[in-house]
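> Fold the following and give me the result.
(chains A and B)
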Protein chains: 2
Amino acid sequence: MTEPAAAGPALLAEVLRGDRVESRHRGHALVCDARGEVVAAWGNPDEPVFPRSSCKMLQALPLVESGAAAGLSTERLALACASHSGAGMHVTRVADWLGALGLGERDLRCGSQVPDDAAERHRLRDAGESPCQLHNNCSGKHAGFLMLNRHLGGGPEYVEFDHPVQLAARNAFEEMCGAPIRGWGVDGCSAPAFETTLRGLGTAMARMADPRGLGAARGEAARRLVAAMAEHPLLVAGEGRACSELMAAMPGGVAVKTGAEAVYVAILPGRGLGVALKVEDGGTRGSECAIAALLVRLGALDAGHPAARARLAAPILSRRGAGIGMIRPAAAFYEAGRRL
Amino acid sequence: MTEPAAAGPALLAEVLRGDRVESRHRGHALVCDARGEVVAAWGNPDEPVFPRSSCKMLQALPLVESGAAAGLSTERLALACASHSGAGMHVTRVADWLGALGLGERDLRCGSQVPDDAAERHRLRDAGESPCQLHNNCSGKHAGFLMLNRHLGGGPEYVEFDHPVQLAARNAFEEMCGAPIRGWGVDGCSAPAFETTLRGLGTAMARMADPRGLGAARGEAARRLVAAMAEHPLLVAGEGRACSELMAAMPGGVAVKTGAEAVYVAILPGRGLGVALKVEDGGTRGSECAIAALLVRLGALDAGHPAARARLAAPILSRRGAGIGMIRPAAAFYEAGRRL
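I've put the predicted structure just below:
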């Protein structure tokens, strides 16, 4: 089933105006198993990639496998893996979690963010309030960092590269990817952003899907985190967001996660497979289209489900509401009807 | 000075995280003269392109050359070429223009749009008002269409493909590009969106810059429109927008214009050259970076000007305000110091 891999990026998605191609998204995508064997690939499997928020479930592994999160609710586990919209349902839950730790918003180091959620944005403006660090889409991940930090006894600057919390996150990341990090930068939330290859990221997702080869503690942590994501789609992202809608549309506990700059991953426990893709230009409309196409090809997503259709044939409307174009998967990438 | 052209897209801009490349924007770009001779090109000069809003000054030619706009202020000419932010300064001027024609918002066919301008957006919300068609970034173009329509005596549905207003716009577009349209679609504002090649679009911009080969009426119309754009940068776009800041930064009456899906053009009257570029993925951060790099290479823009620096080394900040990355022109495209 292996498809030929090229060194350059592959065409993944097209933007149509009427019946003419107006724009194109290229990138790299692969499906692999827990041994790191590539089942299918487009573009370059060894392309360097910053997973960004797509690897939050890897960063959350130490929280769970250390025992720091013993008895933690599935809602909080899902929030630890979330890039949430900063809606009320997210903000109050993160605040409650911090409160249960005897901590507060001031202990976060993620920075403030204007929430994506329109209702919360309007509520803030009407109340004369400013967005705070709880609104940061990563505040759940940071609450998890703080909970692990209490367990490890580290200092308050838990986002520093060599802080015990980040060393634990990096170790888990490298072990799951099966390779040392290629480099690192700083993420928008001030935590270290690790660089791996697409193959490394896909391998890590396959291991989340099929944790039999991991140790007992890590295997159980992987199962709990993936199950929590699949159980609480709206906490992982928010209303109308691709991650939430796609997870809600799929049976079988499939988890998906976006990352900034158009990374997308999927974890398919039923098949023990992982998916990783990166649209090289960072355009999220392209990565959402491509992950939906791959999930359909893998038999995980029904192409007729509204959540799928909204990404496989995303309409472009005029300001008067007329359909004037569409975003769709590239034909060679999608190959509708051909299952993987 | 001609550079080798390839059939595929060229690397135009890179997104860095720390010192690592995280994302890439590819596309097509060229500089040409009024005869359509390509002075320099990257990617494919014959790439099909929808100019979208980048060709509003071409769509405005019939308004001026027909005599319909005799005595029209330079502010209104600039608005006819604008993709404005829907700020108060834009909305009131378009409303006044329509009022002077004995027309109103209801006569527009562009559709309503939530304005980009934050102050106007907040004003609307606080006043309990909804955005209207005046807020549409194309409302100035449509006011120009309506003024031309009064002169031509056409019916009210002036955005239909075969309406006299659109036939006039298409004729001007084809004559300036030097070729029949390759196809068409519908733009977000419901007007026809014509397809040409990058070479066609660049030729049209060079003819706007050097109108000596055009007839007297069209030549004068081209000069008036380009001068109006350069005279009123804020009316063509808005506060903080690339078009406005770049035009304000350049002497010599250089006009630039963005179009949706990452098209950018420049008109250099002093050198009689036109520039056209398209980032194939539609990412505006890439096209703004690329046009700034080309304007510097052409000697039109000082690389040290804040408006240039903001696009040649656009900082990426963490939510806490730390510099963690940058958007910059691709090295082979920029070739800093090498003038064209």
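
> Only C-alpha atoms from now on, for both contacts and neighbour counts.
Noted.

> Please enumerate the strands of the stretch 101-250 of chain A.
Chain-ordered strands for the stretch 101-250 of chain A, with DSSP state E, counting those that start in this stretch as the definition, fall at A:183-186, A:192-197.

> Tell me which of those strands lies nearest to chain B.
strand A:183-186 (5.2 Å; Cα to the nearest Cα).

> what does the closest one contact?
With contact meaning Cα atoms under 8 Å, 6 or more residues apart in numbering or on different chains, strand A:183-186 is reached by A:192-196, B:17-20, B:318, B:324.

> Which of these sits closest to A:Gly27?
Closest approach between these and A:Gly27, by Cα to Cα: A:Thr196, at 15.6 Å.

> Show the contacting residues for the nearest residue in space to A:Val236 that is not next to it in sequence.
Computed as Cα to Cα, 6 or more residues apart in numbering or on different chains, the closest residue to A:Val236 that is not its neighbour in sequence is A:Ala82, at 4.0 Å. When contacts are counted by Cα under 8 Å, 6+ apart, A:Ala82 is found next to A:56, A:137-138, A:140-141, A:235-237.

> about what we covered before: which among the contacts of strand A:183-186 end up buried?
The neighbour-count test (16 or more other Cα atoms under 10 Å in any protein chain shown) marks A:192-196, B:17-18, B:20, B:318, B:324 as buried among these.

> Using JSON lines, lay out these together with pLDDT and distance to A:Arg170.
Supplementary listing: these in JSON lines, determined by pLDDT from 0 to 100; distance: Cα to Cα, whole Å:
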{"residue": "A:Pro192", "pLDDT": "98", "distance to A:Arg170": "9"}
{"residue": "A:Ala193", "pLDDT": "98", "distance to A:Arg170": "9"}
{"residue": "A:Phe194", "pLDDT": "98", "distance to A:Arg170": "8"}
{"residue": "A:Glu195", "pLDDT": "98", "distance to A:Arg170": "10"}
{"residue": "A:Thr196", "pLDDT": "98", "distance to A:Arg170": "11"}
{"residue": "B:Arg17", "pLDDT": "98", "distance to A:Arg170": "18"}
{"residue": "B:Gly18", "pLDDT": "97", "distance to A:Arg170": "18"}
{"residue": "B:Arg20", "pLDDT": "97", "distance to A:Arg170": "18"}
{"residue": "B:Ser318", "pLDDT": "98", "distance to A:Arg170": "20"}
{"residue": "B:Ile324", "pLDDT": "98", "distance to A:Arg170": "19"}
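
> Which residues of the stretch 51-200 of chain A lie near chain B?
Within the stretch 51-200 of chain A, the positions adjacent to chain B are A:110-113, A:183-190 by Cα under 8 Å from any Cα of the partner chain.

> Show me what residue of the stretch 201-340 of chain A gets nearest to chain B.
Taking Cα to the nearest Cα as the measure, the stretch 201-340 of chain A has A:Ser318 as its residue closest to chain B, at 4.1 Å.

> distance of that residue from A:Ile267?
A:Ser318 is 36 Å from A:Ile267, where distance means Cα to Cα, to the nearest Å.

> Surely A:Ala307 and A:Met250 touch.
No. A:Ala307 lies out of contact with A:Met250 (Cα atoms under 8 Å); the separation is 9.6 Å.

> Farthest-apart pair in the contacts of strand A:183-186, please.
Pairwise over the contacts of strand A:183-186, using Cα to Cα, the maximum falls at A:Thr196 and B:Ser318, 20.9 Å.

> circling back: per-residue pLDDT, the residue nearest to A:Val236?
At A:Ala82 the predicted local confidence, pLDDT, stands at 98.

> picking up where we left off before, so for A:Ala307 and A:Met250, which sits in the more crowded spot?
Neighbour comparison, A:Ala307 and A:Met250: the larger count goes to A:Ala307, with 23 against 19 (by other Cα atoms under 10 Å in any protein chain shown).

> in a helix, that's where that one is, yeah?
Yes. According to DSSP: H, G, I helix; E, B strand; the rest coil, A:Ala307 belongs to a helix.

> quick one: it and A:Met326, what's the gap?
Distance check for A:Ala307 against A:Met326: by Cα to Cα, it reads 15 Å.
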